[in-house]
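Visitor: Predicted model, plus sequence, below.
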Amino acid sequence: MLLAGTLTPPLSLPTKMPQPGGAAQSIITPTLNRAMAAYLGLAIGDALGASVEFMTPNEIRHQFGVHRELSGGGWLRLKTGQVTDDTTMALALGESILQNDGKVEALAAARAFDAWMRAKPVDIGNTVRRNLIAFRRSGHPEAAPSEHDAGNGAAMRVLPVALACLGQSEAETIAAVRAQAHVTHHNAISDAGCETLVFMVQDFIAGANDVEVLHRRAHALAKRFPAYAFRTRPRLNPSGYVVDTLQAVFQAFFDTESFEDCLVDVVNRGGDADTTGAIAGMLAGARYGLAGIPKRWLNALDPKIREGCLHQAAALIGSSRT
Ligand code: MG
Ligand code: MG
């Protein structure tokens, strides 16, 4: 699918991608389109939600009415279009996969996250910090199993694994998901959430529809882990617990019909809004493709991050078995 007509300057989104080792070019395929949109969605959702992270829905209503612009600010005092750890950890992980011939390996991921932490990111989760410090001491890239480490920190950065593992078996994909997740979050509830998100992204990239994905992935997760049931009551003010996070994301995602409505819905729930925004954005990007992303959001997103997302999505698709 060509992008011409859906995205216009000043955006530097390509309509063709260079092929490895030569000047020949090919148009953006539907797979690449959805992969790029998932990456941009992750970053846009992160930037959108960060303005209202840790606020309650009432506080958001009082300050913004409905929050729907990449306006920066928030408790991190971000610039317009600036992203947080959700996006920058995903990019660090993706880079480590690319430097490792497309393979997802725990040690490479741990080293990438450690380098990311040394570069003083704008924010960092407690579980991530604690287990990266443990890695520095031990050199062992897998955190000890813990029933308490069920935060959303492994889920928020999992997108590169979904792209790198396209065309691989379910068992290989699950092993890759866990290799990256267990660097900081060694927990069965977190694993189940991460795996579900990866398979959802892959389903949408393959062209599956909402209803199929709802039953095959989201309801199936809630069947295996009843805590994840998301058709009970509205999940407002979601915490950093991965169950809260995915309940809010699934409600917003499956009860809206556009990229914009999904992201506006989820971030206005407040709480860990940058992370619900990032995860919902990744799913909605994969589901609705580049044409679904509002231009004003693409224009407002930090240009370096925008280019980084597009480049990494293309490189991961190029290195996958698709
Ligand atoms: Mg964040
Ligand atoms: Mg957060």
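Guide: Structure's in. What do you need? The structure presented is a predicted model; accordingly, all values stated were derived computationally and were not measured. Ligands and ions are numbered 1, 2, ... in the order given.
Visitor: how about the residues of the protein that lie near ligand 1?
Guide: 84-86, 123, 274 (Cβ under 5 Å from the ion). Glycine gets a C-beta too; all of them are placed from N, C-alpha and C.
Visitor: wouldn't residue 217 be in contact with residue 200 here?
Guide: Yes - counting by Cβ atoms under 8 Å, residue 217 does reach residue 200; the two are 4.9 Å apart.
Visitor: ok, those two, which is more surrounded?
Guide: Between residue 217 and residue 200, counted using other Cβ atoms under 10 Å, residue 200 has the larger neighbour count: 26 against 21.
Visitor: what's that one in contact with, if anything?
Guide: Shown in contact with residue 200 (Cβ atoms under 8 Å, 6 or more residues apart in numbering): 213, 217-218, 283, 286.
Visitor: now residue 132
Guide: Counted by Cβ under 8 Å, 6+ apart, residue 132 has contacts 110, 113-114, 117, 183-184.
Visitor: Just the closest of these to ligand 2, please.
Guide: Proximity of the contacts of residue 132 to ligand 2 (Cβ to the ion) peaks at residue 184, which lies at 14.2 Å.
Visitor: What does the pLDDT read for the closest one?
Guide: Turning to residue 184, the model gives it a pLDDT of 98.
Visitor: Ok, the one 4 residues further on next?
Guide: Residue 188 is assigned a predicted lDDT (pLDDT) of 98.
Visitor: mind checking the backbone torsions on it?
Guide: phi -70, psi -40 (degrees, to the nearest 10).
Visitor: Could you report the neighbour count for it?
Guide: When neighbours are counted by other Cβ under 10 Å, residue 188 comes out with 12.
Visitor: Please report how far it lies from ligand 1.
Guide: 24 Å (Cβ to the ion, to the nearest Å).
Visitor: Residue in the protein with the shortest distance to ligand 2?
Guide: residue 275 (3.9 Å).
Visitor: Correct me if wrong: that residue contacts residue 154.
Guide: No - using Cβ under 8 Å, residue 275 is not in contact with residue 154, being 11.2 Å away.
Visitor: so how many other residues sit close to residue 51?
Guide: Close neighbours of residue 51, defined as other Cβ under 10 Å, add up to 26.
Visitor: contacting residues for whichever residue of the chain sits closest to ligand 1?
Guide: Ranked by Cβ to the ion, the top residue of the chain for proximity to ligand 1 is residue 84, at 3.2 Å. With contact set as Cβ under 8 Å, 6+ apart, residue 84 has these partners: 46-47, 50, 53, 76, 78, 121-123, 274.
Visitor: where does this structure dip in pLDDT?
Guide: 1-26 (pLDDT under 70).
Visitor: one more time with 50
Guide: Applying pLDDT under 50 to the chain flags residues 1-10, 18-25.
Visitor: where exactly do the strands run in the protein?
Guide: For the chain, the strands defined by DSSP state E cover 16-18, 25-27.
Visitor: returning to that earlier point: give the buried subset of the contacts of residue 200 as a ChimeraX selection command.
Guide: The buried residues among the contacts of residue 200 can be selected in ChimeraX (16 or more other Cβ atoms under 10 Å) with this line:
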select :213,217,218,283,286
